[in-house]
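K.L.:
Task: produce atomic coordinates for the following.
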Amino acid sequence: MRPNSKDFLNIFLNDIPLMDVRAAIEVDKGAFPQSINRPLLDDAQRHEIGICYKEAGEEEAILLGLKLATPEIRAQRLADWKAFCTDNPNGYLYCFRGGLRSHTTQAWLKESGVDYPLIDGGYKAMRRFLMDQLDDNIESLRLINICGPTGSGKTRVLQHIDHQIDFEGLARHRGSAFGRNADDFQPSSIDWENAVSIAMLKHRHRHPQQPLFVEDEGRLIGRIVMPENLCRAMTSNELAILEEPIEKRIAMTVEDYVTQPWQDYQQRFGPDAEQHFSDFVLGSLTRIKKRLGGARFNALHTSLTQALDVLFRTGKHLAFDAPVKTLLADYYDPMYHYQFGKRQGKVIFQGNSEAMIEWANAQ
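P.N.:
Residues are numbered from 1 along each chain as shown. Sure thing, here's the model as predicted:
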């Protein structure tokens with residue numbers, strides 16, 4: 001049998017498969033990108049055993065666990081675990097602290113003829129490792145923020161740079177009031193932190209001499225809350241400013257926030273897509289109503305409603321150009337200049353997308 005492991009660096013650098021035997025309610029709060037949930041206890045069983053542990057102690061909790069593990073449940077758990085072990089012969093299993101649940105899973109597997117190692121310290125130790133690494137990497141890596149007003153194509157440029165982390169991609173959100181996806185799904189902030197830490201860890205060990213490019217972000221990316229140390233770094237990193245003419249920005253904004261999302265909504269919602277997409281566009285506008293002011297909000301609401309009607313009747317999106325131009329010029333640009341004024345880092349590049357990609361990949 002392979003030994004149990006606490007070689008977290010190897011595990012995360014090489015995306016070693018992990019079987020998470022915690023309950024689903026725990027996994028929803030935070031897990032690792034390469035982990036798959038195959039719980040020992042479901043949420044109700046975990047809750048019941050937890051109460052027993054607090055009231056009667058560990059021995060009684062173990063007895064209750066054995067009672068709840070009916071032959072049918074045990075057989076199903078073992079089938080799931082053995083399938084994972086077969087598919088991932090180089091992996092490991094873990095629970096929260098690498099304690100009773102990990103050892104119980106390991107023992108059941110062993111009784112059925114499968115030797116499979118566990119993670120010493122479990123999820124808690126791996127999470128602590130990643131947070132310590134995130135602290136170190138934020139301090140030691142040369143991070144360069146790609147800045148630019150909304151619609152300048154920062155994410156597009158980022159995707160053509162060799163050494164980068166896409167914060168918004170990992171967050172499944174475009175980072176503005178109109179930025180959520182059709183499924184409105186985002187990982188937890190803990191999931192996002194884990195993924196960012198792993199990406200930085202890989203960069204430091206594989207490309208230690210290269211700068212790491214990130215898109216300039218605020219504290220929130222949708223519902224994701226950026227940790228304070230990363231927020232502070234974003235204000236002092238070196239800055240590369242992306243500059244594009246307003247016409248090109250309007251075209252990219254319409255494509256990114258109207259054309260592509262409308263296709264996504266049609267695929268997801270079918271005959272109900274029009275209502276859902278209208279709710280998304282007009283609801284997103286409502287989120288910034290106070291900042292827009294009543295008169296400007298009403299004018300934009302009217303023009304966007306008309307643009308949606310044209311889109312649904314004809315499939316054409318040209319009617320969005322005017323309200324998008326207003327949003328960019330009167331709302332997003334002033335906000336960008338205000339936030340950019342808080343940045344303390346040195347500007348080391350200014351140019352359009354083609355020039356920036358060429359410059360960044362030559363660093």
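K.L.:
Now the phi/psi pair for residue 118, please.
P.N.:
When read as degrees, to the nearest 10, the backbone of residue 118 gives phi -120, psi 170.
K.L.:
Any idea how many residues pack against it?
P.N.:
22 (other C-beta atoms under 10 Å). From N, CA and C alone the C-beta is placed, and that goes for glycine too.
K.L.:
which SSE is the residue nearest to it when sequence neighbours are not counted in?
P.N.:
Excluding the flanking residues, the one nearest residue 118 by C-beta to C-beta, 6 or more residues apart in numbering is residue 102, at 4.4 Å. In this structure, residue 102 sits in helix 100-111 according to DSSP states H and E.
K.L.:
follow-up on the earlier one: tell me the contacts of the residue nearest to residue 118?
P.N.:
21, 93-95, 118-119, 122 (C-beta atoms under 8 Å, 6 or more residues apart in numbering).
K.L.:
one more time with 10 Å
P.N.:
4, 19, 21-22, 40, 92-96, 117-123 (C-beta atoms under 10 Å, 6 or more residues apart in numbering).
K.L.:
Show only the entries of the residues you listed found in helices.
P.N.:
Under the assignment DSSP state H, the contacts of residue 102 contribute 122-123 to helices.
K.L.:
residues contacting the most centrally placed residue in the chain?
P.N.:
Geometric centre of the chain, nearest residue: residue 171, 2.8 Å, by C-alpha atoms, centre = their mean. Neighbouring residues of residue 171 by C-beta under 10 Å, 6+ apart: 179, 186-187, 189, 191-192, 195-196, 217, 220-224, 226.
K.L.:
Looking at these, which gets the smallest pLDDT?
P.N.:
Across those, the smallest pLDDT goes to residue 179, namely 73.
K.L.:
what are the phi and psi values for that one?
P.N.:
According to degrees, to the nearest 10, residue 179 has phi -90, psi 0.
K.L.:
any idea how far it lies from residue 257?
P.N.:
8 Å (C-beta to C-beta, to the nearest Å).
K.L.:
who touches both of the two?
P.N.:
residue 284.
K.L.:
you'd agree residue 56 is up against residue 48?
P.N.:
No: in this structure, residue 56 is not within contact of residue 48 by C-beta atoms under 10 Å, at 11.8 Å.
K.L.:
Which one of the two is surrounded by more residues?
P.N.:
Neighbours per residue (other C-beta under 10 Å) separate residue 56 from residue 48, with residue 48 holding more: 16 against 12.
K.L.:
The more buried one is in contact with residue 55, isn't it?
P.N.:
No: Residue 48 is beyond contact range of residue 55, at 11.0 Å (criterion: C-beta under 10 Å).
K.L.:
Give me the common contacts of these two.
P.N.:
Common contacts of residue 48 and residue 55, defined by C-beta under 10 Å, 6+ apart, comprise residue 61.
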